[in-house]
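Here is my input, please return the structure:
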Amino acid sequence: MTALRLIHACAALTAAVSLAVTLWTGLADRRVALAFGVLIAVGELTRWSGAQVRQAAPLGTAGSLSYALLGADAGHPTLHGAPQVVTIVLAASLLGGVPHIWCGRTPTLDHLARRVLSVGFAAICFQPLYNEGAFESWNGAGYALLLIALIVLTALCDAVLAAALAHSRTHWPFGPLLREELRGLLGIGSAVCATGAVMALAVAVVGLWALPVFCLPLLLAQLSVRRYDAVRATYRQTIASLARATEIAGYTPTGHARRVATLSLAVGRDLGLSGPGLTVLEYAALMHDIGQLSLVDPVPAGATAALPREEQRRIALLGGAVVRQTGVDAAVAVVVERQADPCREQPLAARIVRAVNAYEEKARDAGPDGPLRALEELRLATAGDYAPEVVEALARVLARDCLTLPASG
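Coordinates of the predicted model:
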C-alpha cells in the first residue's frame, strides 16, 4: 500500500498548495474560471461507473485538460496559473460529485487523486512557460502540436497512476494493468484527448462560446459508449443465465459456475491476462459444465474432476459443441472443449478453468480445512493434471483472500 499512500499524499499536497496560493493571489479571469468550472461539474454529474469503464467522466476530464492548457480567451492572453487550474478543477469535481455521494455512489479518493495529479502535471508543463511568453513565436500548427503532445503525455502519466493505484489495491501484476489502461486510451480516451486540445484552441480564437459547441460530440460519444456497455452487460447476463441451466436441471450445485468464474478471473489477472483474454476466460468458466446437460445420469454433485479422463473428455467436447451452437465467441468453445486435454497441450485459459473447477469441487463441502487440503491435492497433481504456474497463482489469490471461496448461492 506504499504506492497508494504516496499517490494520495502527493495529490493532497498538490491540492493544499494550490488552494493556498489561489487564496493568497485571488482568482484571475473569473469569467473563464466559472465557465470551465461549470463544464467540469457537469462532466462529473454525467459520470458513470462499471467494471469495464476506463474513463468514468470523459467530459469532466476533457474540460480539465482544456483549462490546464488554455492560453488565451478570444485572442486575449489569460492570467491564471497552475495553482488556480488545480483549485478550480478540484472544486468543480467535488461539486459535481455531490449527487453521486447523496445516492451512495461516492467518488473514490483514487479518482480525485488522479484528476489532481494529471491536471496539475499538464498545467505545470504549460502555464508558467505560456505566461512568460515562451510560445509567442509558435505558429498555429506548431502550437496545436504542442498541446496535443502535452495532452498525450498527460494521458500516459494518468494511465501509469491508474495502473499503480489498481496494483496497490488488488496486488495484480502492474504490467498487464498498465497495458489495459493504455488499451483504454485507444477508445473514448482518444476522444477525450482530442476534445481537450480542440476546446483549448477554439476558446483561444472564438472565446467561451466554443465550449458548448465542442462538448456536444463528446457527449454523444459518451452516450454511445454507455449503450455499448449496456449491450455487453446484457450479453454477459445472457451467458450467465445459460450457464445456470446445469444448476436448474440439478446437474451442478447452485452458484458453482459463478464461483468458478470469479476465482478464474482473479487467477487470470494474477497470471497477467487482460482485456479480451479475461472476457474469454470468464465466459468459458461460466459455461465449463454445460456439457453435463447431455448426460442421462447426472454426475454426483457435478464433480467432473473425479471422473475418468475419457469421460471428462467426452463431457468437454459436448460442452464445446453446445457453446458453438449458442453463437458465443469460438475462442470460448475452444477453452471449454480442451478442459480435459493433457495439461501441457491446453491454452492458458483452459488450464485455469480446470484447476479452479477442481479446487472448488474439492473444497466446497470439505469443512474448515477443506481449502488447504484441496490446494495441497492440486499441488501433488501438478506432475500431469494441473499446470504448476496456475496452481501457484491460485495459491497466491487464495492467500490474499485468506483461503476463502466466493459466497455460494
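
From here on, just use CA atoms for contacts and neighbour counts.
Noted.

Pull out the buried residues from the longest helix belonging to the chain.
Taking DSSP state H as the criterion, the chain has its longest helix at helix 210-243. Neighbour counts over helix 210-243 (16 or more other CA atoms under 10 Å) mark 210-211, 214-215, 218, 222, 226, 229, 236, 239-240, 242-243 as buried.

and if you look at stretch 82-95?
Buried residues in stretch 82-95 (16+ other CA under 10 Å): 82-95.

Nearest to residue 10 among these?
residue 86 (13.0 Å; CA to CA).

do you know how far that closest one is from residue 21?
11 Å (CA to CA, to the nearest Å).

Where does pLDDT dip in this protein?
For the chain, applying pLDDT under 70 flags the ranges 1, 48-55, 104-107, 295-306, 365-368, 383, 401-409.

neighbours of residue 308, just the number please.
10 (other CA atoms under 10 Å).

How much space separates it from residue 97?
57 Å.

what do you get for residue 204?
29 Å.

same thing with residue 201?
The gap separating residue 201 from residue 97 is 28 Å, by CA to CA.

Looking at those two, which is more packed in?
More crowded of residue 201 and residue 97, by other CA under 10 Å: residue 201, with 24 against 21.

gap between the longest helix of the chain and the chain center?
15 Å (CA atoms, centre = their mean, to the nearest Å).

I'd like to know which elements it is packed against.
helix 58-68, helix 190-206, helix 276-286 (3 or more CA pairs under 8 Å, 6 or more residues apart in numbering; DSSP states H and E).

change it to 10 Å
Contacts defined by 3 or more CA pairs under 10 Å, 6 or more residues apart in numbering; DSSP states H and E place helix 210-243 against helix 30-45, helix 58-68, helix 190-206, helix 256-270, helix 276-286, helix 309-326.

can you tell which of those is closest to residue 170?
helix 256-270 (9.5 Å).

how about the CA coordinates for that closest one, as CSV?
Output in CSV follows, covering the C-alpha atoms of helix 256-270 (Å, rounded to 0.1, in the frame of the first residue of the first chain):
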residue,chain,number,x,y,z
HIS,A,256,-20.9,-23.3,-8.8
ALA,A,257,-20.4,-21.7,-12.2
ARG,A,258,-20.4,-18.2,-10.8
ARG,A,259,-17.8,-19.1,-8.1
VAL,A,260,-15.5,-20.8,-10.7
ALA,A,261,-15.8,-17.7,-12.9
THR,A,262,-15.0,-15.3,-10.1
LEU,A,263,-12.0,-17.2,-8.9
SER,A,264,-10.8,-17.9,-12.5
LEU,A,265,-10.8,-14.2,-13.3
ALA,A,266,-8.7,-13.5,-10.2
VAL,A,267,-6.2,-16.2,-11.2
GLY,A,268,-6.1,-14.9,-14.8
ARG,A,269,-5.3,-11.4,-13.6
ASP,A,270,-2.6,-12.7,-11.4
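
That one vs helix 210-243, what angle?
Going by axes from the mean of the first three to the mean of the last three CA atoms, to 10 degrees, helix 256-270 is angled at 130 degrees with respect to helix 210-243.

Quick one: list the elements packing against helix 256-270.
Using 3+ CA pairs under 10 Å, 6+ apart: helix 256-270 touches helix 140-170, helix 174-184, helix 210-243, helix 245-248, helix 276-286, helix 348-363, helix 388-400.

now with 7 Å?
helix 276-286, helix 348-363, helix 388-400 (3 or more CA pairs under 7 Å, 6 or more residues apart in numbering; DSSP states H and E).

List the buried residues for the first one?
When you say that, I think you mean helix 276-286. Buried residues in helix 276-286 (16+ other CA under 10 Å): 277-278, 280-286.

ok and it relative to helix 309-326, angle-wise?
Going by the same axes, to 10 degrees, helix 276-286 makes 110 degrees with helix 309-326.

Can you pull out the residues in contact with helix 276-286?
Helix 276-286 has contacts (CA atoms under 7 Å, 6 or more residues apart in numbering) with 240, 243, 257-258, 260-261, 264-265, 268, 331-332, 335-336, 349, 353.
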